[in-house]
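Sequence first, predicted coordinates after that:
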Amino acid sequence: MATIQVEIEINATVDKVWNVVSDIDNEPKFWKGTKQVKNLSKEGNTVKREIIIAFRDQKCLQEVKLFPKEKIEAKFTKGIIGGEKIISLIPKNEKTILCTVWDIKLTGMMRMFTGMIIKHIKSGTEQAMQSIKEEIER
């Protein structure tokens, strides 16, 4: 498993940050590694969905759980990525620390590209979080 952690401070309340990051259908707007999202089912705060990632247009299945104003857990249940991505919101006075932690492994033949893909995911995460920050602070 590879772990990637990226944090950014956003000059906004948790409520305002949550309104943007919890709109998981809008994920491709910020996360360039996610090309497309298709919800398959929703039960309570859990969404099962299919995503198409930018790497060779691969399909992955995810189970996403939303914990309002606290975190979003996206578990990869099928596809070339295994593991999870957790986005947490940490209040800090009138600001919010947005933290994304990936705990993932690549499956099958993709394992040999782990180093390259991990660097790409880290860079994409930094870019996504900067885009989220800019959107919120406008």
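Cool, the structure landed. Numbering: from 1, shown residues only.

got a list of what N11 touches?
Counting by C-beta atoms under 8 Å, 6 or more residues apart in numbering, N11 makes contact with E94, K95, E137. Every residue, glycine included, has its C-beta placed from N, CA and C.

ok, I86 - how many residues close by?
Counted with other C-beta atoms under 10 Å, residues neighbouring I86 total 17.

That one in helix, strand or coil?
Classification of I86 by DSSP: H, G, I helix; E, B strand; the rest coil places it in strand.

Ok, I52 next?
strand.

Contacts only, for the closest residue in space to it that isn't next to it in sequence.
Once flanking residues are discounted, I52 sits nearest to Q36: 4.2 Å by C-beta to C-beta, 6 or more residues apart in numbering. By C-beta under 8 Å, 6+ apart, Q36 lies in contact with P28, I51, I52.

so where's this structure shaky on pLDDT?
Counting by pLDDT under 70, the chain shows no low-confidence range.

circling back to that earlier point, compute the distance between the residue nearest to I52 and E50, please.
8 Å (C-beta to C-beta, to the nearest Å).

returning to what we had before: most neighbours among the contacts of Q36, which one is it?
Neighbour-wise, the contacts of Q36 (other C-beta under 10 Å) top out at I51, 24 neighbours.

Nearest residue to the middle of this structure?
K85 (5.5 Å; C-alpha atoms, centre = their mean).

which helix in the chain runs the most residues?
Ranked by residue count and defined by DSSP state H, the top helix of the chain is helix 114-137.

That one: which residues count as buried?
I117, I118, I121, K122, G124, T125, A128, M129, I132, K133, I136 (16 or more other C-beta atoms under 10 Å).
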